[in-house]
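[1] Fold the following.
(chains A and B)
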Number of protein chains: 2
Amino acid sequence: MLDEELKRRASMVTDAIEKLLPVVHPQGLYKASRHLVDAGGKRLRPSMLILAAETVEGDQKVVLPAAVSVELVHNFTLIHDDIMDHAETRRGRPAVHVKWDESGAILAGDTLYSKAFQILASTKTDPGCVVASMEMMAGTCTAICEGQWLDMEFETKNRVSEDEYLEMIEKKTGVLYGAASWVGATLSGAPEVQVNGLEEFGRLVGMGFQIYDDVLDLTAPPEVLGKPRGGDLVEGKKTLIMIHAMERGVVPEVLGKKNATTEEIEAALSVLEENGSIDHARTKAAALVEQGKRALDVLEDSEAKDLLLELADYMISRRY
Amino acid sequence: MLDEELKRRASMVTDAIEKLLPVVHPQGLYKASRHLVDAGGKRLRPSMLILAAETVEGDQKVVLPAAVSVELVHNFTLIHDDIMDHAETRRGRPAVHVKWDESGAILAGDTLYSKAFQILASTKTDPGCVVASMEMMAGTCTAICEGQWLDMEFETKNRVSEDEYLEMIEKKTGVLYGAASWVGATLSGAPEVQVNGLEEFGRLVGMGFQIYDDVLDLTAPPEVLGKPRGGDLVEGKKTLIMIHAMERGVVPEVLGKKNATTEEIEAALSVLEENGSIDHARTKAAALVEQGKRALDVLEDSEAKDLLLELADYMISRRY
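    All right, here's what the predicted structure looks like:
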């Protein structure tokens, strides 16, 4: 049922994108901007925004532009991150900087960024709530930049603590889910205690989602992942799994070794599994999601609230 | 006197930047973001915003965050443009992507972008005016991306018409001056006719400024320019000067020749001068500025209005 309900909201968002981000002159720029957006993805952030609005009796139609806005912000960060990480593919398509070039990808990202704010500004509700939502969204974008900066800094550091890692994923992933929920509730005129509860829910669940993503990168079947597993490992990423292992003196030889063989990666995977590092990440992800769910105690019971709780569980049980 | 008055407003903006964009954790990101901003520049856009507010009896203090916002947007575009144009220096300093790296420069630009919107959202005045200003600023950023896209497209095109060129500089340079004036007036609660007159003024004067910039690139003494002259020429840029020359069958051999000697560039300059191409650009810049000044007829007379008119003249008579 969750799947059905998510799909319905995702398709509202996709239709709205078609209307709010048309391919106009200069067409090349807008095609590059739409490239990743049109490749789909699960639209989890805009769906969470719409569901958050529904839990406080908000109107789906009123918050739809904001839902589009949060999806565009997400896609903007993916386009720029892919340039920085030299990622070649995304959602089964060539990355924007591969299909166009780096300049094209920088501009496509910048365009999604400004379109996101234009669209959010067009929300038809109390202007005070719109200004507050725009301030929240802009602050969130700043935090995402900080998170990406920290992530890049980690690659050059020998030691990263668990707290430093958690700060990084909170900024890089958590806050955008938090902002989605916050904005959905704020534009619906919800009282502060509910708005803040929803923000905490989104942020913590988003962090759990990111940690689980790191687990999937190591454990999901390659055919489900759409790429060989262990990508983070050979990239030398300091994930929670690696931090746990390194703190116990376990440093897989393939860490940061870009030409590692499948056998070497599988061997490292076994070591990390035996060392309990993968379970540690799974447990942490589950704990964050549980904490997030409890933050929804401030809401009245509703179908939308049940869906949010289900969505939270889905985020750490999905197969990809 | 203009100089004095501009400096006073520029220094208000510089002080406000210090307060509104502090170097916080992660310090590297904020240092990279402040690198160009701190190198100064003339702060013409925020000064125009403040003066526009003053012409409609607005309060300098109320619009100061918006003035900072427009300056940060300008600096964000410079950082990303320098990556795309492979420019090594800016304002006598190494470009951000040279001092850090491309990833650092992408993120520094993105951070200024979101900080600009955070700061604009914090404006203490009627929320309806703030939302309108944010929508205007976001739409302007979109137009700037379109302008930069067109500019890059022109480099690969054999023929660019004068109209295409004017569209490009309107988007790349004109609209941000237009938005600065528009926002200054809107946040001060000015009536629509004055807001629109000020927007037209800023936009047209900004276009004149850009055309005159192209003239200076060819004619200013290198020691004033801070770099060898003829940079646009050897980069193969389709400026108004080049478009005029090419339409008359004059194509300097050094066009697009990155290793051209000073003698070759000086010879091309003489040809362009004799052909009337440089005068054509000077005349067009002056006409746009005159048209812009007439758009201020909708304003009551004031000291601030006189300063704006003087500023318009300065933009096409400055030495650098």
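
[2] What's the per-residue pLDDT of residue A:76 here?
    In the prediction, the pLDDT value recorded for residue A:76 is 98.

[3] OK, contacts around it?
    A:109-110, A:112-113, A:116 (C-beta atoms under 8 Å, 6 or more residues apart in numbering or on different chains). C-beta: built from backbone N, CA, C; applies to glycine.

[4] Of those residues, which ones also sit close to chain B?
    A:109-110, A:113, A:116 (C-beta under 8 Å from any C-beta of the partner chain).

[5] And those residues, which is closest to chain B?
    Nearest to chain B among the ones next to chain B among the contacts of residue A:76: residue A:110, at 5.1 Å, using C-beta to the nearest C-beta.

[6] Grab the nearest non-local neighbour of the closest one.
    residue B:145 (5.1 Å; C-beta to C-beta, 6 or more residues apart in numbering or on different chains).

[7] What helix or strand is that neighbour located in?
    Using DSSP states H and E, residue B:145 maps to helix B:127-155.

[8] do the helix or strand just after that helix and chain A meet?
    For helix B:127-155, the succeeding helix or strand toward the C-terminus, using DSSP H and E, is helix B:162-169. No. Using C-beta under 8 Å from any C-beta, helix B:162-169 stays clear of chain A, coming no nearer than 9.3 Å.

[9] Packing partners of helix B:162-169?
    For helix B:162-169, the contact count by 3 or more C-beta pairs under 8 Å, 6 or more residues apart in numbering or on different chains; DSSP states H and E identifies helix B:127-155, helix B:192-219, helix B:240-247 as packing neighbours.

[10] To residue B:173, which of these lies closest?
    Nearest of these to residue B:173, taken as C-beta to C-beta: helix B:192-219 at 4.0 Å.

[11] measure residue A:229 to chain B for me?
    25 Å (C-beta to the nearest C-beta, to the nearest Å).

[12] ok, back up a step: quick one: the contacts of residue A:76 as JSON lines, columns for neighbour count and secondary structure too.
    Shown next, in JSON lines, are the contacts of residue A:76 (neighbours: other C-beta atoms under 10 Å in any protein chain shown; DSSP: H, G, I helix; E, B strand; the rest coil):
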{"residue": "A:109", "neighbour count": "29", "secondary structure": "helix"}
{"residue": "A:110", "neighbour count": "28", "secondary structure": "helix"}
{"residue": "A:112", "neighbour count": "28", "secondary structure": "helix"}
{"residue": "A:113", "neighbour count": "29", "secondary structure": "helix"}
{"residue": "A:116", "neighbour count": "29", "secondary structure": "helix"}
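
[13] List the buried residues for stretch A:62-77?
    Going by neighbour count (16 or more other C-beta atoms under 10 Å in any protein chain shown), the buried part of stretch A:62-77 is A:62-77.

[14] by contact count, what packs against the helix or strand that residue A:104 is a member of?
    Here residue A:104, judged by DSSP H and E, is contained in helix A:102-121. With contacts taken as 3+ C-beta pairs under 8 Å, 6+ apart, helix A:102-121 sits against helix A:27-38, helix A:60-84, helix A:96-99, helix A:127-155, helix B:60-84, helix B:102-121, helix B:127-155.

[15] Let me have those helices in CSV, extended by distance to residue A:291.
    Output for the helices and strands packed on helix A:102-121, formatted as CSV (distance: least, C-beta to C-beta, whole Å):
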stretch, distance to residue A:291
helix A:27-38, 31
helix A:60-84, 22
helix A:96-99, 36
helix A:127-155, 19
helix B:60-84, 36
helix B:102-121, 27
helix B:127-155, 34
